[in-house]
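# here is a sequence with its predicted model. Questions after.
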Amino acid sequence: MLGSRPTRVRSELSPSQTKKKDWQHSSLGSLIADPLVLWPPRPSGGLGTGSTELGLNRPRPELLEPSRPLQPGRSQPKTLRGMDEERRGTWFGFGFCGFGQALGSGLGRQVHSPEPVRMPGGSVDVCRVSASWSYTAFVTRGGRVQLSGAAGGAADGYTDACASEELLVLLRAGPGAGAELQAWAPGSALRGEPLWSHAVQEAEHGPNRDETQAGLLPLLPCARAYVSPRPSFYRPLAPTLRARRLELGAEHALLLDAAGQVFSWGSGRHGQLGHGTLEPEPEPRLLEALQGLRMAEVAAGGWHSVCLSETGDIYIWGWNESGQLALPTKSLAEDGKTTAGEASGLDEDGSEVKRVSAGEDGAPAPFIAVQPFPALLDLSPGSEAVKVSCGSRHTAVLTRTGELYTWGWGKYGQLGHKDTTTLDRPCRVEYFVDKQLQVRTVSCGPWNTYVYAVEKEKS
Amino acid sequence: MAGPSALWEALQALLPRTKEELKLELGEKVEGSVVMLLQEAAELFHGGQRRKCLQTCEVLLDYSWEKLNTGPWQHVDKDWRRVYAFGCLLKAVCLCEPPGDAASVAAALKACDMGLLMGAAILGDILLKVAAVLQKHLLSGKRPAPGPSQELPGTKKARNDHMPIPDVMTERTVPRLHCPSLQYFKKHFLVPGRPVILEGVANHWPCMKKWRASCVPSGFSPVEQPKDIGYLAQHQLFDQIPELKQDISIPDYCCLGDGEEEEITINAWFGPQGTVSPLHQDPQQNFLAQVMGRKYIRLYSPQESEALYPHDTHLLHNTSQVDVENPDLEKFPRFAEAPFLSCVLSPGEVLFIPAKHWHYVRALDLSFSVSFWWS
């Protein structure tokens, strides 16, 4: 059962096609067809080194890529070279900014359409953005960390930042003995002393040696440990894992290794681990369903997980309560707004049409609350996904051609479609297309989205 | 019907007089940023800025909701539930600002309900009082009819479907048997009054395949039901739609009783995910057959009755005062120690609930069950 190649979900979404081992959906919709496997769960005691004690606001710094597209199979080039063409790029933001964090014009608590980020000193130099719920941390190429929102302050000499409500983790630049991991209370405004600090070694060996030292938090450059916003803060990783990227959800963790394999651990109550059950995993466990496929990126939302293959396919699993998996969701189905498999929109007279997508026999369409097994997602024909980032309940994916697609919870405008609609299917953010901009990187906070885009090359 | 301003005054009378009293004492778990928002909400409320207060409440509710959904329910810090309740309170009151219409008041009541279900008691159980005022106001005027749902404690409003699936493995489970003989069942369960789940007894009923395949028993359509469907206990269902009788059969074990087959009461129970039947007992033996969806069920022996704090009144003496999955242990201290059995009842399974055995039920999915009361 486990280990079989996941099938394409969207084209097969029909109540009559439920098979016993069809993990993707059932005629009842809410969980998977075979309750015997899911219930009762194993005793969940003894979860080991606090691996379920993960913070809500996942640190998500984004590595800025040069505008040359990534070739499959090559490791990511160092960011600090060839940046000249990037100077014409701009950071944009949209979504929740109720604490005054820099996110566009900053007027009011929400921004529904992308706006250029306005911050002291300008945003041109920013190469990393890590957004927590009530504040955002910006890191510039010059090594300055700037906080904006409920937490303020700035300091120099850092290469990476990882923001969460409980803790702000910074990576102090080397060389050698100078390299240090620091954890600050967000309210400290970076004055005084950090709560704790830890010497770190540079990535001389291991899977990340071709990459820059920074941009990996919460994974440390040596890949031997990661940082959690909750105790125990410093968490070792087995060296055999050869971790390349690590992302934290509200209750789970995802790890991408040098061979392109994905591991997950933590709580599985919402299917976010992807092993086909709702059971927790105390230690990193390989996602067998993805074996044989090399993954290039992983991202963790609050209770969902996404990874991208080297060939640009999207695999997604976990909780779908707001359509963050781009699968039909019950809440939208009840309002008649689920659009899975059908076009949606306004009628000629501008009224919003209620459409309940129906199965073949006219019965109400199945909906999916939890997807505990990776599902393959079609963005649009021929598109290749190259970057992904998740908020607590929304997802953003960037294609090779520089288009940005978002879906999931939209109440605070974090999808960027000029409204607050929650969507259970991917929609392109038209702003960038209209302005002839190519999106180069995306970084989501829990309820907002930051995007870096450059002007399209004139042909 | 009492006008909107009368309602508003009634609500104001329930709230603390001063802005300073409209606050919560919270521990370290609640971050400073949230404390800021709570203060801002109280300020906006007292400053008469209802619309902005509502916006701040939404943020508080959305953030605390995420905390409520992080980790097992029993580990959720009570402070987050209190934050959630606070947001519900201010939201509910703000929605009733004159000139309020029936829809706003209904929305306010819904906000109270959510606060009562998911939140924790604050400001002297203020949500209960506010809900009572709103209910009274709505009843005295027009009220959107939810259909045949009963108001008796035997039927309940739905808990938010974001409540997690209970960890049954850490609780003592109801034993399961596959097609026991009549004698075995009688000797080990019927006579001593012990619950048991019978497998292989109802899983061949035609309804198990038929009804699940189409998602609904014929005659129902969940899409057409109003949202606040309540819990439809259709006593007459099988009389009204006799064709359905062919899809079920009375369990053989009923012949062990004293009564006649015609005296067996068959009820159909249909309700959405989250539907809760509060802890109560029935005078007869009960076979509960699950057709669609799963139910979390907890069972307490009649010997534990005192620890379950039944209501004093004769009308409700078969109903416990305790909210099983969210007990007020200060008010009902003995409840914590009362032993129980629990299970998740899945389609095709039949649960034997001995007469007078206390039982609590929560639907984990859209659920359809058939119960047989016999003696």
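Received it, and whenever you're ready, just let me know what you need. Residues are numbered from 1 along each chain as shown, chains lettered A, B, ... in the order given.
# and the gap between B:Leu316 and B:Leu138?
Using C-beta to C-beta, to the nearest Å, we find B:Leu316 at a distance of 23 Å from B:Leu138. From N, CA and C alone the C-beta is placed, and that goes for glycine too.
# B:Ala131 looks like it's in a helix, true?
Yes: assessed by DSSP: H, G, I helix; E, B strand; the rest coil, B:Ala131 belongs to a helix.
# tell me the backbone dihedrals of the nearest residue to it once chain neighbours are set aside, please.
Spatial nearest neighbour of B:Ala131, chain neighbours left out: B:Cys112 (4.1 Å); criterion: C-beta to C-beta, 6 or more residues apart in numbering or on different chains. Dihedral pair for B:Cys112: phi -60, psi -40, per degrees, to the nearest 10.
# again with B:Lys19
The phi/psi pair for B:Lys19 (degrees, to the nearest 10) reads phi -60, psi -30.
# what do you get for B:Cys57?
Dihedral angles (degrees, to the nearest 10) for B:Cys57: phi -60, psi -40.
# tell me which parts of the stretch 1-150 of chain B are close to chain A?
B:31-33, B:36-37, B:55, B:58-59, B:62-63, B:66-67, B:69-72 (C-beta under 8 Å from any C-beta of the partner chain).
# give me the residue from chain B nearest chain A.
Minimum separation of chain B from chain A (C-beta to the nearest C-beta) falls at B:Ser33, amounting to 3.7 Å.
# ranges for the strands of chain B?
Remark: strands assigned in chain B by DSSP state E are B:176-178, B:196-199, B:232-234, B:265-271, B:276-280, B:285-292, B:295-300, B:341-345, B:350-353, B:358-363, B:367-374.
# hmm, back to that, so what's the residue of chain B closest to chain A scoring on pLDDT?
Per-residue confidence (pLDDT) for B:Ser33: 93.
# what's around it, how many residues?
Residues near B:Ser33, counting by other C-beta atoms under 10 Å in any protein chain shown, number 20.
# again with B:Val291
24.
# confidence score at it?
pLDDT at B:Val291 comes out at 88.
# which residues does the residue of chain B closest to chain A contact?
Residues in contact with B:Ser33 (C-beta atoms under 8 Å, 6 or more residues apart in numbering or on different chains) are A:Phe99, A:Trp133, A:Ser134, A:Tyr135, A:Ala150, A:Glu165.
# one more: A:Ala137?
A:Val129, A:Ser130, A:Ala131, A:Val145, A:Gln146, A:Leu147, A:Ser148, A:Ala161, A:Cys162, A:Ala163, A:Leu168.
# export the strands of chain B as JSON lines, with columns for distance to A:Glu251.
Listed next are the strands of chain B as JSON lines, based on distance: least, C-beta to C-beta, whole Å:
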{"stretch": "strand B:176-178", "distance to A:Glu251": "31"}
{"stretch": "strand B:196-199", "distance to A:Glu251": "31"}
{"stretch": "strand B:232-234", "distance to A:Glu251": "35"}
{"stretch": "strand B:265-271", "distance to A:Glu251": "29"}
{"stretch": "strand B:276-280", "distance to A:Glu251": "25"}
{"stretch": "strand B:285-292", "distance to A:Glu251": "30"}
{"stretch": "strand B:295-300", "distance to A:Glu251": "21"}
{"stretch": "strand B:341-345", "distance to A:Glu251": "22"}
{"stretch": "strand B:350-353", "distance to A:Glu251": "32"}
{"stretch": "strand B:358-363", "distance to A:Glu251": "22"}
{"stretch": "strand B:367-374", "distance to A:Glu251": "27"}
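# between those strands, which gets the lowest average pLDDT?
The minimum mean pLDDT among the strands of chain B belongs to strand B:232-234 (a mean of 44).
# excluding chain neighbours, what is closest to B:Val76?
Nearest non-adjacent residue to B:Val76, counting by C-beta to C-beta, 6+ apart: B:Leu68, 5.5 Å away.
# enumerate every residue touching the one you found.
B:Leu68 neighbours (C-beta under 8 Å, 6+ apart): B:Val76, B:Trp80, B:Arg81, B:Tyr84, B:Met118, B:His162.
# helices - which of the residues you listed land there?
B:Trp80, B:Arg81, B:Tyr84, B:Met118 (DSSP state H).
# burial count for the last one?
Neighbours of B:Met118 under the rule other C-beta under 10 Å: 24.
# what's the separation between A:Asp125 and B:Leu117?
49 Å.
# which one of the two is surrounded by more residues?
With neighbours defined as other C-beta under 10 Å, A:Asp125 and B:Leu117 compare such that B:Leu117 has more, 21 against 15.
# relative to B:Gly47, how far out is the more buried one?
Distance, B:Leu117 to B:Gly47, using C-beta to C-beta: 30 Å.
# show me what residue of the stretch 51-200 of chain A gets nearest to chain B.
Residue of the stretch 51-200 of chain A nearest chain B, by C-beta to the nearest C-beta: A:Ser134 (3.7 Å).
# tell me how many other residues crowd that residue.
Using other C-beta under 10 Å, the number of residues around A:Ser134 comes to 28.
# which helix or strand contains the nearest residue to A:His417 once chain neighbours are set aside?
Nearest residue to A:His417 in three dimensions, chain neighbours excluded: A:Cys427, at 5.9 Å (C-beta to C-beta, 6+ apart). Using DSSP states H and E, A:Cys427 sits within strand A:423-428.
# what is that strand packed up against?
strand A:404-408 (3 or more C-beta pairs under 8 Å, 6 or more residues apart in numbering or on different chains; DSSP states H and E).
# adjacent strands (with direction) for the strand it packs on?
strand A:394-399 (antiparallel), strand A:423-428 (antiparallel) (DSSP bridges).
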